[in-house]
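J.: here is the input, now give the coordinates:
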Amino acid sequence: MPKWLKASEVRFNASACIEDRSWTRVLADAKSGAMPWFKTGGLGSLKVANHLGVWACFSDHACLSAIGASATDRMCYVFDQIYSRFRPWGLNSELELC
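T.: Below you'll find the model as predicted:
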């Protein structure tokens, strides 16, 4: 696990910060409008081949209130292809992804 992501998992260890939806479910929810706001993109130079390649940010995520972040911020995750799960990365206000 890259250091930049490992540190984030320690910071965002509240149970509300777990994003347990599958990638397929997230895309279906985004397409149907069931998710208020969602954006995704590639990791570029941070990509780890066949492991970490994309990020996703969510508005109105339970993690925001759990860690005391602004309700207008977005919680961002990296999708781990090996374990088929989202790993917490950080707040959009810090990462400036979207």
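J.: list the buried residues of the helix or strand hosting Ala7.
T.: When elements are assigned from DSSP states H and E, Ala7 belongs to helix 3-11. Counting neighbours by 16 or more other Cβ atoms under 10 Å, one finds that the buried residues in helix 3-11 are Leu5, Ser8. Heads up, the C-betas are built off the backbone N, CA and C, glycines and all.
J.: which helices and strands does the helix or strand following it pack with?
T.: Downstream of helix 3-11, the next assigned helix or strand under DSSP H and E is helix 23-32. With contacts defined as 3 or more Cβ pairs under 8 Å, 6 or more residues apart in numbering; DSSP states H and E, the packing partners of helix 23-32 are strand 38-42.
J.: dump the residue contacts of the most centrally placed residue in the chain.
T.: Among the residues of the chain, Tyr77 comes closest to the average C-alpha position under Cα atoms, centre = their mean, at 1.6 Å. Neighbouring residues of Tyr77 by Cβ atoms under 8 Å, 6 or more residues apart in numbering: Glu19, Trp55, Ala56, Cys57, Phe58, Phe86, Arg87, Pro88, Trp89.
J.: looks to me like it is in a strand.
T.: Yes - counting by DSSP: H, G, I helix; E, B strand; the rest coil, Tyr77 falls inside a strand.
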